[in-house]
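# Just the structure for this:
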Amino acid sequence: MTNPDILLNPDIREVKIGTRQLRSLTIYPLSIADQQKASGMITEVMKYFSEAGEKSDDEAFIKNVIGIIAKNIEKVLKILCDEDAVGKDILSELTNNQISEIADIVYEVNYKEISKKFQSLFQGESNLPWERSASTLSGDILNTGLTTSTESPISEEGSP
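Numbers count the residues shown, from 1 in each chain. Now for the predicted structure:
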């Protein structure tokens, strides 16, 4: 019997895995602590992306990315899912498409929105006055109608 007062996280997702017979695998959102545990793999993949760039042909690029993911996927899945559900040989149950689907879920649930928020924070116009451009600030200054003369001052006789 379930407790009606318990709220489940709406970010929990189900994915079907298996090569012959499908079974459900529950993917939970990452906590900050879990993100730190998984960051090694993410950093390795990002480093490879930045280093390989256009230097690598598609086949070698995909092979290396899959190698990085395969090396770490069991660790990451044990963070994302119930450890019992992952089992001892999860790689034998996963296809490339299923790994891709899991990666999409992880990105969408854990990184997509925060990425958008950080981008909007660092792009566009800031609301902080010291970060706004001079042209923007000039519109904020009260126009009093006073003008400043550009002529040099006339010296008075007897002045030092």
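
# need the contact list for Ala103.
Neighbouring residues of Ala103 by CB atoms under 8 Å, 6 or more residues apart in numbering: Ile69. Backbone N, C-alpha and C define where each C-beta goes, glycine included.

# which element follows the host helix or strand of it toward the C-terminus?
For Ala103, the host element (DSSP states H and E) is helix 96-107. Next helix or strand after helix 96-107 toward the C-terminus (DSSP H and E): helix 113-122.

# between that following helix and helix 96-107, how many degrees?
50 degrees (axes from the mean of the first three to the mean of the last three CA atoms, to 10 degrees).

# residue boundaries of the helices in the protein?
32-52, 58-80, 83-86, 96-107, 113-122, 134-140 (DSSP state H).

# Pipe those helices into TSV and attach mean pLDDT and distance to Arg13 per row.
Formatted as TSV, those follow (pLDDT from 0 to 100; distance: least, CB to CB, whole Å):
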stretch	mean pLDDT	distance to Arg13
helix 32-52	73	15
helix 58-80	76	10
helix 83-86	85	13
helix 96-107	86	5
helix 113-122	77	15
helix 134-140	54	43
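
# For the ones you listed, give me JSON lines that also has distance to Gly18.
Below are these laid out as JSON lines (distance: least, CB to CB, whole Å):
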{"stretch": "helix 32-52", "distance to Gly18": "23"}
{"stretch": "helix 58-80", "distance to Gly18": "14"}
{"stretch": "helix 83-86", "distance to Gly18": "12"}
{"stretch": "helix 96-107", "distance to Gly18": "8"}
{"stretch": "helix 113-122", "distance to Gly18": "30"}
{"stretch": "helix 134-140", "distance to Gly18": "57"}
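
# For Leu22, which of these is the nearest?
In terms of CB to CB, the element of these nearest to Leu22 is helix 96-107, at 9.3 Å.
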